[in-house]
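In: 3D, please:
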Amino acid sequence: MKKLAIGVDIGGINTAFGVVDENGDLYAESVISTKKYPNFEDYTDYVKDLCVAMHAMADSLSFEYELVGIGIGAPNANYHKGTIEAPVNLWRFSPKESNPDDSRRIFPLAKDIGECFPGVKILMTNDANAATIGEMVFGNAKGMKDFIMITLGTGLGSGFVANGEMIYGNDGFAGELGHVIVERGGRQCGCGRYGCLETYVSATGIKRTVFELMSKMNIPSKMRETAFEDFDASMISAAAKQGDPIAAEAFRYTGEMLGRALADVVTITSPEAVFLFGGLAKAGKLLFDPTQWYMEENMMAVFKNKVKLLPSGIQGKNAAILGSSALIWQSLGK
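Out: Residues are numbered from 1 along each chain as shown. As a prediction, the model looks like this:
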């Protein structure tokens, strides 16, 4: 009987999920709205609706199979405890809440999903770690025991693999490269601190860089015609490919900040490769070339010319689902 796993990716807008086999083939997929359940008290209804939707998807398959597990990727997910802890964009307290203490916002999602699927293994980790495991199981990191995954979306996520194992740390939250401070007193971050790497290296970060450059430079640019709230990182890639000097400088600066950070972090785990994943990584050479140059320029001598900088092998619309399902396949392979 064929063995299948469900991969679940919980985003701030939607929750996507699909049925995946050990080769990464997707047999069915679906989605429910996450933003429909914005408040703390909506969490229970969210779980009920997600369970109903997953059962409906699983029941739609026309052949017999064994469901061996459900892997979940989510913001602020704790692998050790199976909880989502004080997520920034999920299940917030309403303004009328009399006791808005974030220590109450601990959501036992793995346990709750397990009650809907008795006897099925449920594993959960943060979205960047899920992408990292997906790279190890289905992507370009197959066979690698030491590598780093960088996910470049609205923020910067990361996952670290050493000796073939994910590094989760004592509390389940290890590997937050996006929140290493690279500029003391720098840009304000959503985490509340200033100068975090993700405020410079992310879709949001490069957008901020472009507007800073436009305020400092008189060079003509078509990007000046677009308001900040209407702007996105894909416009910067398009402008750079058309020779816009401000867009080109934005990518150079972004690559410098990322390359310098990578040069530091490789001294900790000595990875074989660093993978770049996500929307900003799709800019290709615009981002990879300056990142590679600044990484090597700032690298400790013993590590120079040893660490490969590579694109993810699971880019695409189903990447997050594959990554989440890989939690199950990786655990079964141990």
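In: and stretch 313-323, average pLDDT?
Out: Averaged over stretch 313-323, pLDDT sits at 85.
In: Asn14 bridge partners, please.
Out: When bridges are called by DSSP bridges, Asn14 pairs up with Ser33.
In: and it, what's its pLDDT?
Out: Reported pLDDT for Asn14: 93.
In: just checking, it touches Ser30?
Out: No - assessed by Cβ atoms under 8 Å, Asn14 is found out of contact with Ser30, at 10.3 Å. C-beta: built from backbone N, CA, C; applies to glycine.
In: who are the contact partners of Lys121?
Out: Val68, Gly69, Ile70, Ile328, Ser331 (Cβ atoms under 8 Å, 6 or more residues apart in numbering).
In: what's the distance between the fourth one and Gly278?
Out: Pointing back at Ile328 there. 23 Å (Cβ to Cβ, to the nearest Å).
In: who has more neighbours out of those two?
Out: Taking other Cβ atoms under 10 Å, Ile328 and Gly278 do not tie; Ile328 has more neighbours (28 against 23).
In: I figured the more buried one hits Gly71, correct?
Out: Yes - using Cβ under 8 Å, Ile328 makes contact with Gly71 at a distance of 4.7 Å.
In: overlap of the contact sets of those two?
Out: With Cβ under 8 Å, 6+ apart as the test, Ile328 and Gly71 both reach Ala5, Gly7, Leu123.
In: which ones among those lie within strands?
Out: Ala5, Gly7, Leu123 (DSSP state E).
In: can you flag the buried ones in these?
Out: Buried members of these, scored by 16 or more other Cβ atoms under 10 Å, are Ala5, Gly7, Leu123.
In: got the confidence number for the second one?
Out: Looking back up the chat, that one is Gly7. Confidence score, pLDDT, at Gly7: 97.
In: my read: it touches Trp329, true?
Out: No - counting by Cβ under 8 Å, Gly7 stays clear of Trp329, with 9.7 Å between them.
In: off-centre distance for stretch 30-40?
Out: Averaging C-alpha positions (Cα atoms, centre = their mean, to the nearest Å) puts stretch 30-40 19 Å from its chain's average.
In: who touches it?
Out: By Cβ under 8 Å, 6+ apart, the surrounding residues in contact with stretch 30-40 are 10-18, 42-43, 45-46, 49-50, 53-54, 56-57, 90-94, 97, 104-105.
In: which among these end up buried?
Out: 10-11, 15-18, 42-43, 46, 49-50, 54, 57, 90-93, 105.
In: who touches the host helix or strand of Leu287?
Out: Leu287 belongs to helix 285-298 when assigned by DSSP states H and E. Applying Cβ under 8 Å, 6+ apart, the contact partners of helix 285-298 are 237, 240-241, 248, 251-252, 254-256, 258-260, 262-264, 266, 274, 276, 280-281, 304-305, 307, 309, 311.
In: switch to 7 Å and redo it
Out: For helix 285-298, the external contacting residues (Cβ atoms under 7 Å, 6 or more residues apart in numbering) are 237, 240, 251-252, 254-256, 258-260, 262-263, 280-281, 304-305, 309.
In: cool, and stretch 74-91?
Out: Residues contacting stretch 74-91 (Cβ under 7 Å, 6+ apart): 10, 12, 34, 39-40, 42-43, 102, 105-111, 122, 124-127, 168, 172-173, 190.
In: return a PyMOL selection command for the buried portion of these.
Out: Entered in PyMOL, the line below selects the buried ones among those, by 16+ other Cβ under 10 Å:
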select buried, resi 10+34+40+42+43+105+107+108+109+110+122+124+125+126+127+168+172+173
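In: show me the contacts of stretch 74-91 that map onto helices.
Out: Tyr43, Leu109, Ala110, Lys111, Asp127 (DSSP state H).
In: now those residues as JSON lines including distance to Gly155 and pLDDT?
Out: Shown next, in JSON lines, are the ones in helices among the contacts of stretch 74-91 (distance: Cβ to Cβ, whole Å; pLDDT from 0 to 100):
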{"residue": "Tyr43", "distance to Gly155": "23", "pLDDT": "97"}
{"residue": "Leu109", "distance to Gly155": "21", "pLDDT": "97"}
{"residue": "Ala110", "distance to Gly155": "23", "pLDDT": "97"}
{"residue": "Lys111", "distance to Gly155": "27", "pLDDT": "97"}
{"residue": "Asp127", "distance to Gly155": "10", "pLDDT": "89"}
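In: which two in those are spaced the farthest apart?
Out: For those, the farthest-apart pair by Cβ to Cβ is Lys111 and Asp127; their separation is 19.6 Å.
In: in a helix, Met223, correct?
Out: Yes - note on Met223: a helix contains this position according to DSSP: H, G, I helix; E, B strand; the rest coil.
In: run through the residues that contact it.
Out: Met223 touches Val210, Met214, Met235, Ala239, Asp244, Ile246, Ala247, counting by Cβ under 7 Å, 6+ apart.
In: does the first one touch Ala239 like I think?
Out: Yep, that's Val210 we're talking about. No - judged on Cβ atoms under 7 Å, Val210 makes no contact with Ala239 at a distance of 8.6 Å.
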